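Engineer: Need the 3D shape of this:
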Amino acid sequence: MSLGGCLSRVFGKTETLLDRFGERILLADEYVVDWLSGHPLMGRLEVLWVAATQLGDGYVWGVLGLYLILFGNRVDRLNVLVGLGVIMVEITVFRAFKALFARPRPALAGRPPRMWYLDTFAFPSGHTTVAFGMAYLVTQLYPTVLTVAAVYLLASAIGISRIYLRDHYLIDVIAGGTLGTVIAYVMLPVFGQLIHTARW
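Structural biologist: Just a heads-up that it's a prediction; the model follows:
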């Protein structure tokens, strides 16, 4: 057999394995969405999940930034600029990923949504990307036990709410949380250096 034929067979088998792996992930994702959104305990807490998703639209981070601007010191105000820079990078990256992967949301795969959403693509979860990015940022800039517990509890609630409301699959939320944390980890020193050492 020629080298071209061997390579063709190898690539064909690899493609088949990747297709099967993707199908298994989708089945697991669909199971988690159905289980979580249909669980009676989760249903009793629906107000909490709707509120968490709406807070994840950016309101909670906007209120936190406004509080620091109005009642904080100079360092707090500069930290708001750092946070704004990190959020802008996160939004740019997750939107590029959504366009690249173009994964439909669960609602578009035959499951009715509980809420209206801004775009049709699911991977990664933008709400979760920003939530975990801001959680990392806040805990690095204001490292107290209460702060760490509060922001990560909120970020987790936002992520869970996205699955419960059938806007995202589990893998979208895991990817979003990971992406947001990594971006914040990389960009915090960059924006921190630029903003805190600039002459304002």
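
Engineer: Distance of residue 146 relative to residue 76?
Structural biologist: 17 Å (Cβ to Cβ, to the nearest Å). C-beta coordinates here come from the backbone N, C-alpha and C atoms, glycine included.

Engineer: Mind checking which of these two has more residues around it?
Structural biologist: residue 76 (16 against 8; other Cβ atoms under 10 Å).

Engineer: need the contact list for that one.
Structural biologist: 68, 69 (Cβ atoms under 8 Å, 6 or more residues apart in numbering).

Engineer: What score does it have for pLDDT?
Structural biologist: Looking at residue 76, its pLDDT reads 86.

Engineer: can you check the one 4 residues further on too?
Structural biologist: As summarised for this prediction, residue 80 has a pLDDT of 89.

Engineer: tell me the average confidence for stretch 138-145?
Structural biologist: 90.

Engineer: give me phi/psi at residue 121?
Structural biologist: Torsion angles at residue 121 (phi, psi; degrees, to the nearest 10) stand at phi -100, psi 150.

Engineer: do you know how far it is from residue 24?
Structural biologist: Distance from residue 121 to residue 24, by Cβ to Cβ: 21 Å.

Engineer: For those two, indicate the residue with more neighbours.
Structural biologist: residue 121 (21 against 10).

Engineer: you'd agree that one is up against residue 94?
Structural biologist: No: contact between residue 121 and residue 94 fails when scored by Cβ atoms under 8 Å: they sit 9.8 Å apart.

Engineer: Below-threshold pLDDT in the protein: ranges please.
Structural biologist: 1-19, 21-22, 107-119, 198-200 (pLDDT under 70).

Engineer: What are the buried residues along stretch 28-37?
Structural biologist: Of the residues in stretch 28-37, 29, 30, 32, 33, 36, 37 count as buried by neighbour count, 16 or more other Cβ atoms under 10 Å.
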